[in-house]
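Participant: Sequence first, predicted model second:
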Amino acid sequence: LPGGIRIIDTPGVNTDVAANRERAWSVIRSEADGCILITDLQQVVSRSTKEFLLELKSVTPHILLVMTKVDKALENASEVGGDDGWQQVEEARRRGAPLRA
């Protein structure tokens, strides 16, 4: 990484354990200039992810939302012959985008 850039993992930020959550938020508030949130495609619109992103917006102006398991959504859609997998991906992207703005 270029000088001055550090990646900090903050496990516990969405936990029910108050001490772990506060420790993670303390690091985010004092150290973060941006955040990369990596989440399962199916979890993008979960309550805890929404709450985290909304709180994060007040702490840092730079948020990158990375959705994983897109390949699984596409594979599942083709196997069942139902909804187009790309529609599922686009829907998750649309739901996550306003939370980052």
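Facilitator: Great, that's in hand.
Participant: Pass me the low-pLDDT residue ranges in this structure, would you?
Facilitator: 44-45, 81-83, 96-101 (pLDDT under 70).
Participant: Centre-most residue in this protein?
Facilitator: Leu37 (3.5 Å; C-alpha atoms, centre = their mean).
Participant: Note down every partner strand of whichever strand or helix holds it and its orientation.
Facilitator: Element membership of Leu37, judged by DSSP states H and E, is strand 35-40. Strand pairing for strand 35-40, determined by DSSP bridges: strand 63-68 (parallel).
Participant: after the partner strand, next one along is what?
Facilitator: The helix or strand immediately downstream of strand 63-68 is helix 70-80, counting by DSSP H and E.
Participant: That following helix: which residues count as buried?
Facilitator: Val70, Ala73, Leu74, Ala77 (16 or more other C-beta atoms under 10 Å). All C-beta atoms are positioned from the backbone trio N, CA, C, and that covers glycine.
Participant: Hmm, Val70 and Arg93 touching each other?
Facilitator: No: here Arg93 does not reach Val70: they are 9.8 Å apart, not a contact under C-beta atoms under 8 Å.
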